[in-house]
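**Q** Sequence isn't available, so here's the structure alone:
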């Protein structure tokens, strides 16, 4: 690393808190009668942010007359005014946002008419408009609100619903024709960080449309003759309406003392049903703002007729937030989580600049042992200590991510701690500093320190992102393991090979420490031959060579962490793969390719020939790919004066950018993870699946291949994509 990188990184680390903000600051002299709460409301910031900016102020009681406060502005000062009744009523939160770039001659009035919102709503979510006039080129956030039915019946608003087996929030919302947001508002006890529903759980839900007299139309009724032994309860279940609604539609029932055999009453017409609505039969899709029927049918690969037959409410129009049901067989080709079809959301286009994430880094910079002013010694330590090289590289990439999100208009509060690779130091940090309000913690690296942080963060519902760990001996429901497990990489590799396998001759070379890989390969390819290894170090060469076929292509799996063994085997295979000079054309050379399901540093050792690996088209699974000359690489080189990012810097950027974009979307990593599928960045991808007790695990991986002395990504269609 160059001197300026070291000096810049260490200078940043020495600061206890790093505000990365797209805002300005202003001073405020406290007047008689003002409180911390009233001042925060005046400047439209949180009381906590004022306390953070004024470390000498420990609590609201310390805010006294003539105290000078630093205010981190989120827009201009708003004159105090009394709320009108109409403004008090308007507390409905947006269900989403769209973006609008201001054109020439556009006005505030025109925008409010175009999007059906008030001027106050437009300003509330674009706070710069409180102090600035509308200008060409401005990018505004346009709030989108749920449609409200003004004729909604208040008399028979709600009923209690008992969840049936295999039902989800999506299936229940579809059954009642409401949005998931509405379901959560009606049932605030539901956990917003997962989609779990238990059979037998009771929910508060609006009565189905057509249940109240005001909403009924005469053509929706049918005559019904009451049979013998029919009760109000049984009749209500059969027609899907509550008993009291049947009585309201037919008041004569009360006049004669109850439901009598032979009575002719009127009931809402039965809707056509397609069986139980649960995860055995259907998957579900939540309609997003500004979508239309054509786009939905194209995205979901379903015809208009099929969609309308399954969702007759579409006859009344498509509305944002509607939950549509789809046949279970449509799941193939779609990304589905917990029976919900996940849209491929472009996080960059889904940023809500109102969100202000608070991020904490915990990495072992070893400032207790490294002297930033002694650059030569520091560089030597970085070369010999992987933890130090990883931390500094990771953090330089993270700094570029913080710069990038700031340019998108998102303010981020950042604190950085040096864990010193010491668990006692981590405990000290956690004891000394309050984690209240933190949206995510990135780090630590060591498993013991990670466990310590995860336990304390869990108590405050804070997600922890593990930069290099793939799991833990403990169960942490709040940890995101950004590195896929070995078995995930192995399954990815074997699935790819199974797909391209024809009749190749397969040989397995695995030492005793890779028994799991040996067994997995053999289960996929039971006809594979097993090569014997002497003391985990070398092949029995004569026995191995006779296993190679000169009629078929040979696929050799090498599973080891011994560099000498990798060097030896690749040399042997390369020799077998090389045509013999002077042999007649009728003699075909042996064709050999080499694979592994357990890629590790042994394959990168100096003793291993890259030429041999290239000749063998060596192929392996990886959670990492080489970054090309993309926007991140250019930004990194610009920030660090021409230096190119190493794999640690690329990982730092990708992990940090993924967390920041997800927080900028919803400001809650748990909520965003439930609706976001795979995300791709410079050299890493993230596709987290949730194990309810053990945390979130990344299952995104690449298939990489050596070819022409380059490492290239193998796409799922079998084509090669260069990353250099």
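**A** Happy to help now that I have it. Treat the numbers as computed from the prediction; the structure is a model and nothing was measured. Numbers count the residues shown, from 1 in each chain.

**Q** which residues does residue 601 contact?
**A** Residues in contact with residue 601 (CB atoms under 8 Å, 6 or more residues apart in numbering) are 561, 563. For every residue, glycine as well, the C-beta is placed using N, CA and C.

**Q** go on, residue 508?
**A** Residues near residue 508 by CB under 8 Å, 6+ apart: 518, 521-522, 528-531, 557, 559.

**Q** rerun that using 6 Å as the cut-off
**A** With contact set as CB atoms under 6 Å, 6 or more residues apart in numbering, residue 508 has these partners: 518, 521, 528, 530, 557.

**Q** For residue 648, state which of those residues is nearest.
**A** The closest of the contacts of residue 508 to residue 648 turns out to be residue 557 (CB to CB; 29.0 Å).

**Q** Buried subset of the contacts of residue 508, written for ChimeraX?
**A** In ChimeraX syntax, the buried subset of these is picked out as below (16 or more other CB atoms under 10 Å):
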select :518,521,528,557
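
**Q** Assess the claim that residue 623 and residue 700 are in contact.
**A** No. If you go by CB atoms under 6 Å, residue 623 and residue 700 don't touch, sitting 7.2 Å apart.

**Q** ok, those two, which is more surrounded?
**A** Shown here are residue 623 and residue 700; by other CB atoms under 10 Å, residue 623 has more neighbours (23 against 18).

**Q** burial count for the closest residue to that one other than its chain neighbours?
**A** The spatial neighbour of residue 623 that comes closest, neighbours along the chain excluded (CB to CB, 6 or more residues apart in numbering), is residue 484 at 5.0 Å. Counted with other CB under 10 Å, the neighbours of residue 484 add up to 24.

**Q** Now residue 484: which helix or strand?
**A** Of the helices and strands defined by DSSP states H and E, none includes residue 484.

**Q** Format the contacts of residue 508 as a markdown table; extra columns: pLDDT, distance to residue 103 and secondary structure.
**A** A markdown table is the format used below for the contacts of residue 508 (pLDDT from 0 to 100; distance: CB to CB, whole Å; DSSP: H, G, I helix; E, B strand; the rest coil):
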| residue | pLDDT | distance to residue 103 | secondary structure |
| --- | --- | --- | --- |
| 518 | 95 | 64 | helix |
| 521 | 95 | 60 | helix |
| 528 | 95 | 64 | coil |
| 530 | 94 | 70 | strand |
| 557 | 97 | 60 | strand |
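
**Q** Which member of the contacts of residue 508 is positioned nearest residue 379?
**A** residue 557 (39.2 Å).

**Q** That closest one against residue 520, yeah?
**A** No. With contacts counted by CB under 6 Å, residue 557 stays clear of residue 520, the gap being 10.0 Å.

**Q** Read off the pLDDT value for residue 347.
**A** On the pLDDT scale, residue 347 is placed at 81.

**Q** what does residue 122 give?
**A** 87.

**Q** ok, it to residue 73 distance?
**A** Using CB to CB, to the nearest Å, residue 122 is found at 19 Å from residue 73.

**Q** Looking at these two, which is more packed in?
**A** residue 122 (20 against 17).

**Q** and the nearest residue to residue 474 once chain neighbours are set aside, how many residues sit next to it?
**A** Leaving aside its chain neighbours, residue 474 sits nearest to residue 451 (5.3 Å; criterion: CB to CB, 6+ apart). Residues within reach of residue 451, counting by other CB under 10 Å, total 20.

**Q** need the contact list for residue 623.
**A** Residue 623 neighbours (CB under 6 Å, 6+ apart): 483-484, 701.

**Q** Give me the lowest-pLDDT entry from those.
**A** Per-residue pLDDT puts residue 701 lowest of the contacts of residue 623, at 92.

**Q** Skipping adjacent residues, who's closest to that one in space?
**A** residue 492 is the one closest to residue 701 (CB to CB, 6+ apart), at 4.4 Å.
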